[in-house]
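Chemist: Return atomic coordinates for the entry below.
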Amino acid sequence: MESEKMLPQLSAIILEEQTELTLAEVCRACAVRAEFIVELVDEGVLAPLGREPHRWRFSGTHLRRATVALRLQRDLGINLAGAALALQLLDEVEILRARLRARGGD
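Modeler: A predicted model of the protein is given here:
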């Protein structure tokens, strides 16, 4: 009983695709500096709306991609170009899975 009282509490926010996040909000959610997110944009991992960083708007999908890229770098030691390639391959896998589901090949 005592150990149950000491468990850390986690909180989460469910983001929809239509949700727009600023650069600062994405940085806070990922616990990274803005430079990391700018590098993801430069590498083509993220494609926010807006021309300049202070005007960028990110979706919930962008946030998910940023966290996956961060985990690939942190946990597996993959460099940014490798993380971008891994995300591209994951996207292709999802497209292929969707095609299979559409054909009834679940």
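Chemist: Go through stretch 60-80 and flag the buried ones.
Modeler: G60, H62, L63, R65, A66, A69, L70, L72, Q73, I78, L80 (16 or more other Cβ atoms under 10 Å). For every residue, glycine as well, the C-beta is placed using N, CA and C.
Chemist: Spell out, range by range, the helices that occur in this structure.
Modeler: Counting by DSSP state H, residue ranges of the helices within the chain are 2-5, 23-30, 34-43, 60-76, 80-102.
Chemist: The fourth one packs against which elements?
Modeler: Same thing as helix 60-76. Identification of packing neighbours for helix 60-76 by 3 or more Cβ pairs under 8 Å, 6 or more residues apart in numbering; DSSP states H and E yields helix 23-30, helix 34-43, helix 80-102.
Chemist: and the last one, what does it pack onto?
Modeler: What that stands for is helix 80-102. Going by 3+ Cβ pairs under 8 Å, 6+ apart, helix 80-102 lies up against helix 34-43, helix 60-76.
Chemist: Same check on the first one?
Modeler: For helix 23-30, the elements it packs on are helix 34-43, helix 60-76, judged by 3+ Cβ pairs under 8 Å, 6+ apart.
Chemist: And the average pLDDT for the longest one is what?
Modeler: It refers to helix 60-76. Helix 60-76 carries an average pLDDT of 93.
Chemist: circling back to that earlier point, okay if I get the helices and strands packed on helix 23-30 as TSV plus distance to Q88?
Modeler: Formatted as TSV, these follow (distance: least, Cβ to Cβ, whole Å):
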stretch	distance to Q88
helix 34-43	11
helix 60-76	10
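Chemist: Let me know which of those helices is the nearest to L100.
Modeler: helix 60-76 (21.2 Å; Cβ to Cβ).
Chemist: Contact partners for V26?
Modeler: Residues in contact with V26, defined by Cβ atoms under 8 Å, 6 or more residues apart in numbering, are I37, F58, H62, L63, A66.
Chemist: Now the last one. Nearest residue, chain neighbours left out?
Modeler: This means A66. C30 (5.3 Å; Cβ to Cβ, 6 or more residues apart in numbering).
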